[in-house]
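Asks: sequence first, predicted coordinates after that:
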Amino acid sequence: MKVLVTGAAGFLGGHLIDMLRERGDEVRAMVRPVEDASYVRSLRDVEVVYGDLTDEESLKRAVQGVQRVYNVGAKTGPWGLEEVYRAINVQGLASLVNVSMEAGVERIVHASSITVYGHHLHDLVTEDHPFHAEDNPYSRTKIAGEKLLANLVKDRGAPVVIVRPGWIYGPRDNASFGKYVARVESGKFFLMGSGKNIVPVVYVRDVAQGMIKAGDAGNEVIGRAYTLAGEQRVTQAEYLNTIADALGVPHLKLQVPFSALYLAGRTAELVWQAAGRRNAAPPPFTTYGVTLQGGEQPFSIERAKRELGYTPEYDVERGVAEGVRWYLEAKKGKQGSSEREAVQA
């Protein structure tokens, strides 16, 4: 089967391509010209095309001749200009679905996010939980994108299935997991609150597995949404201390009150916004980041297990071990490179 992966240069996109190749699919990877796509380009059996969700002509070229589209491309993170998020996560999504339908694509699997449920959760959250937009453009546009897809399914019969991954971690994640490992390794990191809150961690290959199963399932799943999280109920302290164990460093002991950190994040956001820094680097604390680590976020994956056959294969110990092994190897590689440069100098 010939498939297209958008956002192919990203963390999830790269692992999804790995698993699609492993099962024998013919993969076309769409990357933006400005991205570092060295990993994808190193895969000789993957066709790399350049495109952008905001460039409809590039999308038309990308979808030609494929049976399935996995949309991983998105503007992520909680900080930036609203119009940029909307152009990619809503308008670009609409363009992708429209050109895919015109090209005869049989199934579109769209990666949304658990952010559509909101961040202040308590009871076990299922896919029937109402949308709740947090005060950031990522949350708002992910919800808007899902509403758009619901209308396209209803009005035009768009062959779309939505997955909502949790907090993805694993090898090759420099944007999030790598930074968390470095903080734990430093011995200066801390728990946000008591550390007893449930964090929705999920290993990257389990998310890729769920996306593939959403593509393979029968037409009864079209228009449905599925939360993809881990099987275990993992607390913040368990997750971070599992990283510590894999590194061979002491467990985190310092606890900083969640309410103080959340207030600090909100204050920083307001200060940055008042200073006109919406298009600059994000503040050191954001309410999104504080809640992701320190908030209670229990999710049910029963629908995905029942209707897609989704079965997470990585418990947190195995997943973290794989991720930390990558981190240490990458760190060793960087140190070796620096030493060679110093000798040459």
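Replies: Thanks, I have the structure now.
Asks: could you pull out the strands for the stretch 51-200 of the chain?
Replies: Using DSSP state E, counting those that start in this stretch, the strands of the stretch 51-200 of the chain run over 68-71, 107-111, 160-165, 167-169, 191-192.
Asks: residues contacting the residue lying closest to residue 234 once chain neighbours are set aside?
Replies: Leaving aside its chain neighbours, residue 234 sits nearest to residue 316 (5.1 Å; criterion: CB to CB, 6 or more residues apart in numbering). Just so you know, the C-beta spots here come from the backbone N, C-alpha and C atoms, and that holds for glycine as well. Applying CB atoms under 8 Å, 6 or more residues apart in numbering, we find residue 316 in contact with 201, 230, 232, 234, 238-239, 242.
Asks: now swap in residue 222 and tell me
Replies: Residue 222 makes contacts with 107, 153, 159-161, as judged by CB under 8 Å, 6+ apart.
Asks: switch the cut-off to 6 Å
Replies: residue 159 (CB atoms under 6 Å, 6 or more residues apart in numbering).
Asks: try residue 85
Replies: Contact analysis of residue 85 by CB under 6 Å, 6+ apart lists 75, 137, 141.
Asks: now swap in residue 52 and tell me
Replies: Residues counted as contacts of residue 52 (CB under 6 Å, 6+ apart) are 32, 58.
Asks: show the pLDDT at the most centrally placed residue in the chain.
Replies: Centroid check for the chain by CA atoms, centre = their mean gives residue 168 as the closest residue, at 5.7 Å. Among the per-residue scores, residue 168 shows a pLDDT of 97.
Asks: highest neighbour count among the contacts of residue 85?
Replies: Of all those, the most densely surrounded is residue 141 (26 neighbours; neighbours counted as other CB atoms under 10 Å).
Asks: so which of the contacts of residue 316 belong to strands?
Replies: Counting by DSSP state E, the contacts of residue 316 place residue 201 in strands.
Asks: which one of the contacts of residue 316 is nearest residue 65?
Replies: Distance to residue 65 across the contacts of residue 316 (CB to CB) is lowest for residue 230, with 35.7 Å.
Asks: the closest one: neighbour count?
Replies: Applying other CB under 10 Å, we find 24 other residues in the vicinity of residue 230.
Asks: equivalent analysis for residue 333, please.
Replies: 10.
Asks: please apply the same query to residue 199.
Replies: Using other CB under 10 Å, residue 199 has 26 neighbouring residues.
Asks: thought it was touching residue 236?
Replies: Yes. Between residue 199 and residue 236 there is a contact under CB atoms under 6 Å: 5.0 Å.
Asks: just checking, residue 206 is part of a strand?
Replies: No. Applying DSSP: H, G, I helix; E, B strand; the rest coil, one finds residue 206 to be helix, outside a strand.
Asks: ok, now how distant is the residue lying closest to it once chain neighbours are set aside from residue 273?
Replies: Distances taken as CB to CB, 6+ apart place residue 312 nearest to residue 206, at 4.4 Å, with adjacent residues excluded. In this view, residue 312 and residue 273 are 38 Å apart by CB to CB, to the nearest Å.
Asks: which one's more surrounded, those two?
Replies: More crowded of residue 312 and residue 273, by other CB under 10 Å: residue 312, with 21 against 12.
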